[in-house]
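> Quick one, structure for this:
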Amino acid sequence: MHPLLEKKGFIVDVDGVVGRGDTPIPEGVMAVNRLRKLGKRIVFVSNNSTRSRRILFERLRRFGLEIKEEEIIVTTHATAVYIRDENKKARVYTTGEEGLKDELRLAGLEIVDYDEADYLVVGLNRYITYSDIKKALRLCLRNDVRYIATNPDRLYPAEDGPIPGTGMIVGALYWMTGREPDVIIGKPSRVIMEQALKTLGLEGEEVAVIGDQLDVDVPAGKEIKADTALVLTGVTTEKNLNELKKRHGFEPDYVLRTLNSIFGD
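Got it, this is the predicted structure:
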C-alpha cells in the first residue's frame, strides 16, 4: 500500500491533476473517486483565478466527480472572502475576468474604475489590454492602495499546453515598479492552505497535498507540514521534472505518473 493512503485527507489541485481546462484527466478523476470510497476527506484547492467557485463546481461534476460546492476552494472565492473580512467597504479595481468579478460582487464588494479604488486585485485575464495594465500600474504606484494577488502561478496547464498565469501580470508590475503584492491568496500562500485544513477539519500532518507544479503545490504542502505528491499530468512532466527541480530547488515527498498511481496503477 502506498504510504499516502494512510492519510486521512487530501488537498487536491484541479488543473493538471483531474483536468486540463474543460477536459478531464481520467486517471485523476478515477483516483479521487477511489479515495472517496476509502472514506478519505477531500478538498479541491485551485489557483485558477478566472472561474468562480460555482463554475468550477459544475465543471468537476461534468468530469464525473460527486462533490459539494463547499469542498472547493478557488482563489477567486478565497480572495473575495479575504478582502470582505478585512474591509467590507473596499472599493476594488481588478485585472481579472468575470469569474473573479462575480465572486467579489457576491462578497458584497464594490468594483470600481482605477481612479476610485483603494484595492488593486490582480488575477489572470486571458484578454488583458494595454489599458488594463496601465490602470494596474498607476494603482501599484500608490502607497495608499492595498495590492492583492489571487495567486503567483507563472504557468497554467490548458488543453493544448502551458499558457501564462497570473504571474505574467504580477511580474510585469514588479518589473515596472519594484513592488510585490501585499498579500498573495493562492498557493503556496498559507492563507488558502489554512482554509483547506479548516474545511477538512484536519491538521497538516494528517493530509497529503497533490499537485502538478513544483514551485506552487510542493511549497504549499510544506507550508502546512503536509506530505506532498507531484503528478506528471500537468505543467510538470517526466521530461522537465529534473530541470524544474534544479530551477526551483523543491523536492516533493513523492512523484506520481498520475494520481491513480497511488493505487499502484
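> Next, the contact list for the residue lying closest to residue 158 once chain neighbours are set aside, please.
Of all residues not flanking residue 158 in the chain, residue 21 sits nearest, at 5.0 Å (C-beta to C-beta, 6 or more residues apart in numbering). C-beta here means a position set from N, CA and C on the backbone, and glycine is covered the same way. Residue 21 makes contact with 15, 157-159 under the criterion C-beta atoms under 8 Å, 6 or more residues apart in numbering.
> Could you list which of those belong to strands?
157-158 (DSSP state E).
> For the host helix or strand of residue 79, report the contacting residues that lie outside it.
In this structure, residue 79 is located in helix 75-86 according to DSSP states H and E. The set of residues external to helix 75-86 that reach it, using C-beta under 8 Å, 6+ apart, is 46-53, 90, 92, 96, 99-100, 102-104, 106-109, 119, 121, 123, 148, 150-151, 183, 185-186, 191-192, 195.
> Which of those are buried? Put it as a ChimeraX command.
Filtering the contacts of helix 75-86 down to the buried ones (16 or more other C-beta atoms under 10 Å) takes a single ChimeraX command:
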select :46,47,48,49,50,51,52,53,90,92,96,99,100,102,103,104,106,107,109,119,121,123,148,150,151,185,186,191,192,195
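> so of the contacts of helix 75-86, which ones are in helices?
Using DSSP state H, the subset of the contacts of helix 75-86 located in helices is 53, 99-100, 102-104, 106, 191-192, 195.
> so which of those residues would you say is closest to residue 163?
residue 99 (15.8 Å; C-beta to C-beta).
> I'd assumed residue 46 was in contact with that closest one.
No. Residue 99 is not in contact with residue 46 according to C-beta atoms under 8 Å; the separation is 11.0 Å.
> Might one say that residue 179 is in contact with residue 140?
Yes. The pair residue 179 / residue 140 is scored as a contact, 5.4 Å apart, by C-beta under 8 Å.
> Show me whatever sits in contact with both of the two.
147, 173.
> Compare those two (neighbour count), which wins?
Per other C-beta atoms under 10 Å, whichever of residue 179 and residue 140 has more neighbours is residue 140, with 22 against 16.
> mind listing what the more buried one touches?
120, 147, 173, 176-177, 179.
> Let's see which of those end up in strands.
Per DSSP E, those map to strands at 120, 147.
> In PyMOL, how would I select just the buried ones from the contacts of residue 140?
Those of the contacts of residue 140 that count as buried under 16+ other C-beta under 10 Å are selected in PyMOL with:
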select buried, resi 120+147+173+179
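> And the contacts of residue 140, which is closest to residue 223?
Distances from residue 223 to these, taken by C-beta to C-beta, are shortest for residue 147, at 21.2 Å.
> is the closest one in a bridge, and if so with what?
residue 120 (DSSP bridges).
> hang on, it packs against residue 181?
Yes. Using C-beta under 8 Å, residue 147 is in contact with residue 181, at 5.1 Å.
> so what sits against both of these two?
residue 122.
> now the helix holding residue 79: mean pLDDT?
Helix 75-86 shows an average pLDDT of 95 in the prediction.
> How about it, which residues are buried there?
Across helix 75-86, burial judged by 16+ other C-beta under 10 Å covers 75-84.
> Where do the strands of the stretch 1-150 of the chain begin and end?
Applying DSSP state E, counting those that start in this stretch to the stretch 1-150 of the chain gives strands spanning 9-12, 19-20, 23-24, 41-46, 72-74, 91-94, 110-111, 119-122, 146-149.
> Now do the second one, average pLDDT.
With pLDDT averaged residue by residue, strand 19-20 scores 92.
> Quick one: low-confidence residue ranges for the stretch 51-200 of the chain.
Counting by pLDDT under 70, the stretch 51-200 of the chain contains no low-confidence residues.
> now do 90
For the stretch 51-200 of the chain, the stretches with pLDDT under 90 are 51-52, 66, 153-163.
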